[in-house]
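**Student:** structural data only, the sequence is not supplied:
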C-alpha cells in the first residue's frame with residue numbers, strides 16, 4: 001500500500017513537467033490543452049455550483065406559506 005501511495009504522489013509531481021513538454025511541442029498542442037483545461041474547469045464549476053446549491057437546499061428550511069393561492073380569490 002505504501003508503494004502505491006508513493007507512486008501516486010510521484011506521478012502527480014511529474015505531471016506538470018509532462019504537460020509542459022506536450023504544450024511546448026507546437027502551438028496547436030498548447031491551444032488544445034488550453035481549450036481542454038477551460039472545458040474541464042467550466043464543467044467542474046457547474047457541477048460544484050449545483051452540488052453547493054443542493055447542499056444549501058437540503059440544509060435551509062422551506063419557509064413558503066404552505067398551500068398555493070386559490071384561483072379567483
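**Tutor:** Cool, got the structure. For clarity, every value in this text was computed on a predicted model and none was experimentally measured.

**Student:** okay, which residue is most central for this protein?
**Tutor:** By C-alpha atoms, centre = their mean, the mean C-alpha position of the chain lies nearest to residue 44, the distance being 1.8 Å.

**Student:** in which helix or strand does that residue reside?
**Tutor:** Take DSSP states H and E as the rule and residue 44 turns out to sit in helix 27-59.

**Student:** what helices or strands is the lowest-mean-pLDDT helix or strand in the chain leaning on?
**Tutor:** When the helices and strands of the chain are scored by mean pLDDT, DSSP states H and E, helix 2-23 comes last with a mean of 90. Here helix 2-23 touches helix 27-59, going by 3 or more C-beta pairs under 8 Å, 6 or more residues apart in numbering; DSSP states H and E. (Each C-beta comes from the backbone N, C-alpha and C, glycine too.)

**Student:** rewinding a little: show me what counts as buried in the helix holding residue 44.
**Tutor:** By neighbour count with 16 or more other C-beta atoms under 10 Å, helix 27-59 contains no buried residues.

**Student:** ok, stretch 12-29 next?
**Tutor:** residue 23.

**Student:** circling back to that earlier point, and for the least confident helix or strand of the chain, what's in contact with it?
**Tutor:** 29, 30, 33 (C-beta atoms under 8 Å, 6 or more residues apart in numbering).

**Student:** can you rerun that using 10 Å?
**Tutor:** 29, 30, 31, 32, 33, 34, 37 (C-beta atoms under 10 Å, 6 or more residues apart in numbering).
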